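**Student:** what shape does this take:
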Amino acid sequence: MDATFGTEDSIARITLAEAGVVEMNQHDRLGFSLAEYQRRVEDVLARMGQSGLDVLLVRGPENITWLTGYESPGYYKYHCVILAPGIEPVFVLRRFEELNIPEYAWLTRHVPLDDWEHPPTVTARTLRELGLAAGRVGVEKQGWFFTVDEYETLAAALPEAKFVDATRVVEEARLIKSAEEIAIMRRAAAILDKAVQAGMDKVGPGISDDLVNAEVNRMLLENGGEYMGLPPFILSGPRTSLPHQTARSERIGDHDVVYFEVSCSQYRYAAALMRTMFVGEPDPAWRRCGEAVIAGLEAALETIRPGVACAEVDRAARSVIESAGFGEYFRHRLGYSIGVNYPPDWGEGQILSLHAEERRLLEPNMTFHLVPLCLVYREFGFGCSETVRVTEDGCERFSSLSRGIRVV
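**Tutor:** Below you'll find the predicted structure:
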């Protein structure tokens, strides 16, 4: 990567021969250029300096992928990247997974963990070997993967260190997308359009929602989509009023609502999309609600531009829906940052969301999934969404699908 990386110490340096794999270009499978990964590491190192951190332990799988390119659904077992100024990052991970390093990451240094070892103990030992056992150690206290046991183990093994919550350090660096990241998200959105359109074309009276779901998944996977952070939510009838539910062998009626919320992933980067359609002429309330949701989304799109507060975008959409009489059914945030994703989520809402209390300002190349959705319990639901990029003077939507009311 850079002359500042590669200091010698006792940490294992994986080679292709040691990994037992055929000689290949290590970087063939990376989603981005080496310069892009260098930019990310330097960004995070600068943020660490601003926070007074001597070392950062990166535990979230999204953060690890963003920094290194490494991909694996095996993050249910321990993965940790040790990042500090002046050394090449060191990856502590399960030995079973180490063969993925020369295939999917630019890193060359790692410490393998056997299944019978205690991972935090190994990480503490590695920090000592690296001369990083003292000072301010950043940890992702608010992350899903940094456990109480890990914290207690590190604190006991490294009494000279001061552990600092650094959950936001990598996450906030992810907020502003690069040109390479945006290009990947556009690719994901193009695949997603094909899949949602194919699913909508399959809808008709008597059709099983399972069949529609199968068509959406087929189109996603046949066109290069990868496994998603969440499954497609494809519902019909009164079940459209339920959040985060999936197809369940129900038949679409001849007078019905059909709801889609789907994402597509490329190199773990997501675009997402909601659309709702009607079979037969919709009830007047269904149509009014749909028109209000779509108008609210369009108001949000018109409001987005650099310097606007997140809360202002939420208010633009919410006021339209409230004025139409459906405000009580719009129960959640307007949208959330979207980018790198692993199950159990396809969004980055923990980093930044569009809601009434968020005063941070929009900046160019932030990306969001805007999700106005009204749920009238046991009656119907209607949602319409867009994945967008903040531009210099407005926003770019990644989908080309119509937002209009569709009736078949």
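**Student:** got any ranges where the stretch 151-300 of the chain has weak pLDDT?
**Tutor:** In the predicted model of the stretch 151-300 of the chain, no residue satisfies pLDDT under 70.
**Student:** where along it do the helices fall?
**Tutor:** For the stretch 151-300 of the chain, the helices defined by DSSP state H, counting those that start in this stretch cover 167-173, 179-202, 209-222, 284-303.
**Student:** how about TSV for those, with mean neighbour count and distance to L154 added?
**Tutor:** Backbone N, C-alpha and C define where each C-beta goes, glycine included. Formatted as TSV, these follow (neighbours: other CB atoms under 10 Å; distance: least, CB to CB, whole Å):
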stretch	mean neighbour count	distance to L154
helix 167-173	20	15
helix 179-202	20	32
helix 209-222	20	40
helix 284-303	20	43
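**Student:** so which of those helices is nearest E328?
**Tutor:** Evaluated with CB to CB, the helices of the stretch 151-300 of the chain place helix 284-303 nearest to E328, the distance being 11.6 Å.
**Student:** helices or strands up against the closest one?
**Tutor:** Applying 3 or more CB pairs under 8 Å, 6 or more residues apart in numbering; DSSP states H and E, one finds that helix 284-303 contacts strand 269-279, helix 310-323, strand 367-370, strand 373-376, strand 380-383, strand 386-390.
**Student:** circling back to that earlier point, got CSV for the helices of the stretch 151-300 of the chain, with distance to G253 too?
**Tutor:** Listed next are the helices of the stretch 151-300 of the chain as CSV, based on distance: least, CB to CB, whole Å:
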stretch, distance to G253
helix 167-173, 44
helix 179-202, 15
helix 209-222, 11
helix 284-303, 13
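**Student:** to G138, which of these lies closest?
**Tutor:** helix 167-173 (6.1 Å).
**Student:** now do that closest one: distance to the chain's middle.
**Tutor:** Using CA atoms, centre = their mean, to the nearest Å, the distance from the centre of helix 167-173 to the centre of the chain it belongs to is 13 Å.
**Student:** got it, and stretch 54-74?
**Tutor:** Its chain's average C-alpha position is 13 Å from that of stretch 54-74, according to CA atoms, centre = their mean.
**Student:** before we move on, what about stretch 152-159?
**Tutor:** Relative to its chain's centre, stretch 152-159 lies at 31 Å (CA atoms, centre = their mean).
**Student:** what of stretch 53-68?
**Tutor:** That offset, for stretch 53-68, works out to 15 Å (CA atoms, centre = their mean).
**Student:** and for stretch 260-278?
**Tutor:** For stretch 260-278, the distance from its own C-alpha centre to the chain's C-alpha centre is 12 Å (CA atoms, centre = their mean).
**Student:** isn't T123 right up against V90?
**Tutor:** No - at 9.6 Å, T123 and V90 do not qualify as touching, with contact defined as CB atoms under 8 Å.
**Student:** mutual contacts of the two, please.
**Tutor:** I82 (CB atoms under 8 Å, 6 or more residues apart in numbering).
**Student:** what about I338, how many residues nearby?
**Tutor:** 29 (other CB atoms under 10 Å).
**Student:** tell me the gap between the host helix or strand of it and the middle of its chain.
**Tutor:** Counting by DSSP states H and E, the element that carries I338 is strand 335-342. In terms of CA atoms, centre = their mean, the centre of strand 335-342 is found 3 Å from the chain centre.
**Student:** contact partners of whichever helix or strand comes after that strand?
**Tutor:** As assigned by DSSP H and E, the chain's next helix or strand after strand 335-342 is strand 345-347. With contact meaning CB under 8 Å, 6+ apart, strand 345-347 is reached by M228, G229, L230, S263, S265, A270, A272, Y336, S337, I338, N341, H369.
**Student:** what bridges to the last one?
**Tutor:** Applying DSSP bridges to H369 gives these bridge partners: Y336, T387.
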